[in-house]
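# just the structure for this:
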Amino acid sequence: MGKETILNVEDLQTTFFTDNGEIPAVDHVSFNVKEGEVVGIVGESGCGKSVTSLSIMGLVPQPPGKIVGGKINLYDKNLLNLSERQMRKVRGKEIAMIFQEPMTSLNPLFTIGSQMTEAVLIHEKISKKEAEKKSIEMLKLVGLPRAEELMKEFPHQLSGGMRQRVMIAMALVCDPQVLIADEPTTALDVTTQAQILKLIKDLNTELNTAVLLITHDLGVVAESCERVIVMYAGQIIEEAPVDQLFEEPKHPYTQGLIKSVPDIRSKEERLHSIAGNVPLPGSVEKGCRFAARCKFAFDRCFAEDPEIYTTSDTQSARCFLYDKEGVGADGKTSVKS
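Modelled structure (predicted):
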């Protein structure tokens, strides 16, 4: 029996309206997350990963941002149809988020305990004492020592790794069905990064919470995710199970990303890099957004925007090289890395 789909994003479009015109930060993005699944969204800075997560949470700053199309279904409920008051009941209770920098997410003026218990009391009709007990249990669950004492301390008294664990505890204290982790290890040292990723994976297994892990680090994806979504310039350009993506990446951009990962077994003196830069959102008016950086690009790539083509039962890529009716630059319909 297959797992039930918890989160289903359909044709999501998020645009920023600026003095220089409309900027489509998230452009017709569709994906789903099933119960207990860890899905990674990966891509360079500026590709739309974080705006996608903020759109799901209803936290896109308005103005200048606005969701202009699509659906975000949590089970059978479209979050885009909810009022701000209704959305506040969903945030933290049904879907929660861990932000990049815990020091800016935790209020420096309040103790850890007051912030934890407030999160519980907003969503659950229990006493303050019961909320405190539940908060302490969650702090222990995320591996924090002397949890009772930590409840009385302020964020600045904790290390970066401890603050991130507090953020995870706060996100999970009301048992959400979906946890969005936006670059949860960015500001941490390598050892603490490994601990936080293991913690998220362990909690995913123990609580069966679905996780949407947003990162630019392919090592994090390989370590933690079951399925991977690759984004580029506001679009999804490839989707596959994690092992399949690393063994046989289809899109030229994904191939370049994987080649760019340093390998201690390699004797090459120079690291591989993808030529050029990510285009500014909205700057490519026609054609494939990766065409200017792609060694396989041909005339059609600069004239038309490719759709997502299915390359196997579990993998798809936004590239004309996989259009069964079209022909690639090499006269074939596929390309190897």
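# every contact and neighbour count from this point should use C-alpha atoms.
Fine.
# please save the CA atoms from stretch 36-49 in CSV.
Taking C-alpha atoms only, stretch 36-49 is exported to CSV below (Å, rounded to 0.1, in the frame of the first residue of the first chain):
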residue,chain,number,x,y,z
GLY,A,36,7.1,10.0,6.4
GLU,A,37,9.1,11.0,3.3
VAL,A,38,12.2,13.2,3.2
VAL,A,39,12.2,15.3,0.0
GLY,A,40,15.1,17.6,-0.8
ILE,A,41,14.9,20.7,-2.9
VAL,A,42,18.4,21.7,-4.2
GLY,A,43,19.8,24.4,-6.4
GLU,A,44,22.1,27.5,-6.4
SER,A,45,21.3,30.6,-4.5
GLY,A,46,18.5,32.6,-6.2
CYS,A,47,16.8,29.6,-7.8
GLY,A,48,13.6,30.0,-5.8
LYS,A,49,14.0,27.3,-3.1
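# which residues are in contact with it?
Contacts to stretch 36-49, defined as CA atoms under 8 Å, 6 or more residues apart in numbering, come from residues 25-26, 33, 204-205, 208-218, 221, 224-235, 278.
# one more pass at 6 Å, please.
25-26, 208-216, 225-234 (CA atoms under 6 Å, 6 or more residues apart in numbering).
# likewise for stretch 110-125?
Residues outside stretch 110-125 that contact it (CA under 6 Å, 6+ apart): 131, 132, 135, 151, 152, 153, 154, 170.
# which of the residues you listed ranks first by neighbour count?
Highest neighbour count within the contacts of stretch 110-125: residue 135, with 30 neighbours (other CA atoms under 10 Å).
# what kind of secondary structure is it in?
With DSSP: H, G, I helix; E, B strand; the rest coil as the basis, residue 135 sits in helix.
# quick one: the helices in the stretch 1-150 of the chain?
Taking DSSP state H, counting those that start in this stretch, the helices of the stretch 1-150 of the chain run over residues 49-57, 84-90, 102-105, 112-123, 128-141, 147-150.
# for residue 79, which non-adjacent residue is closest in space?
Closest residue in space to residue 79, ignoring its immediate chain neighbours: residue 72 at 5.5 Å, by CA to CA, 6 or more residues apart in numbering.
# what pLDDT does the model give the residue nearest the centre of the chain?
Nearest residue to the geometric centre of the chain (CA atoms, centre = their mean): residue 214, 2.6 Å. Residue 214 is assigned 93 on the pLDDT scale.
# and it, what element?
Of the helices and strands defined by DSSP states H and E, residue 214 is found in strand 210-215.
# how far does that strand sit from the chain's center?
Remark: strand 210-215 is offset 5 Å from the chain centroid, using CA atoms, centre = their mean, to the nearest Å.
# likewise for stretch 245-254?
With CA atoms, centre = their mean as the basis, stretch 245-254 stands 19 Å off its chain's centre.
# next: stretch 198-215.
The answer for stretch 198-215 is 12 Å, by CA atoms, centre = their mean.
# list of residues touching that stretch?
Contacting residues not belonging to stretch 198-215 are listed as 35-42, 177-183 [CA under 6 Å, 6+ apart].
# and of the residues you listed, the nearest to residue 257?
Closest approach to residue 257 among the contacts of stretch 198-215 (CA to CA): residue 42, at 9.9 Å.
# pull the number of nearby residues for that closest one.
Neighbour count of residue 42, defined by other CA under 10 Å: 26.
# how about the helices in the stretch 151-300 of the chain?
160-172, 190-207, 218-224, 242-247, 252-259, 299-303.
# pick the most deeply packed of these.
Mean neighbour count (mean count of other CA atoms under 10 Å) peaks for helix 160-172 among the helices of the stretch 151-300 of the chain, with a mean of 25.
# how close does residue 162 sit to residue 31?
Going from residue 162 to residue 31 by CA to CA, to the nearest Å gives 32 Å.
# quick one, which of the contacts of stretch 36-49 are buried?
Buried by 16 or more other CA atoms under 10 Å: 25-26, 208-216, 225, 227-234, out of the contacts of stretch 36-49.
# domain assignment for the chain?
Per automatic domain parsing, the structural domains of the chain span 5-225, 247-322.
# of all the helices of the stretch 1-150 of the chain, which one is nearest residue 294?
helix 49-57 (21.4 Å).
# which residues touch residue 289?
Here residue 289 is in contact with no residues (criterion: CA under 6 Å, 6+ apart).
# where does the chain have low pLDDT?
1-2, 102-103, 187, 262-269, 325-337 (pLDDT under 70).
# could you rerun that using 50?
For the chain, the stretches flagged by pLDDT under 50 are 327-337.
# and the helices of the stretch 151-300 of the chain as JSON lines, adding distance to residue 146?
Shown next, in JSON lines, are the helices of the stretch 151-300 of the chain (distance: least, CA to CA, whole Å):
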{"stretch": "helix 160-172", "distance to residue 146": "12"}
{"stretch": "helix 190-207", "distance to residue 146": "18"}
{"stretch": "helix 218-224", "distance to residue 146": "28"}
{"stretch": "helix 242-247", "distance to residue 146": "37"}
{"stretch": "helix 252-259", "distance to residue 146": "41"}
{"stretch": "helix 299-303", "distance to residue 146": "58"}
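# out of those, nearest to residue 18?
Distance to residue 18, taken as CA to CA, is lowest for helix 299-303 among the helices of the stretch 151-300 of the chain, at 26.6 Å.
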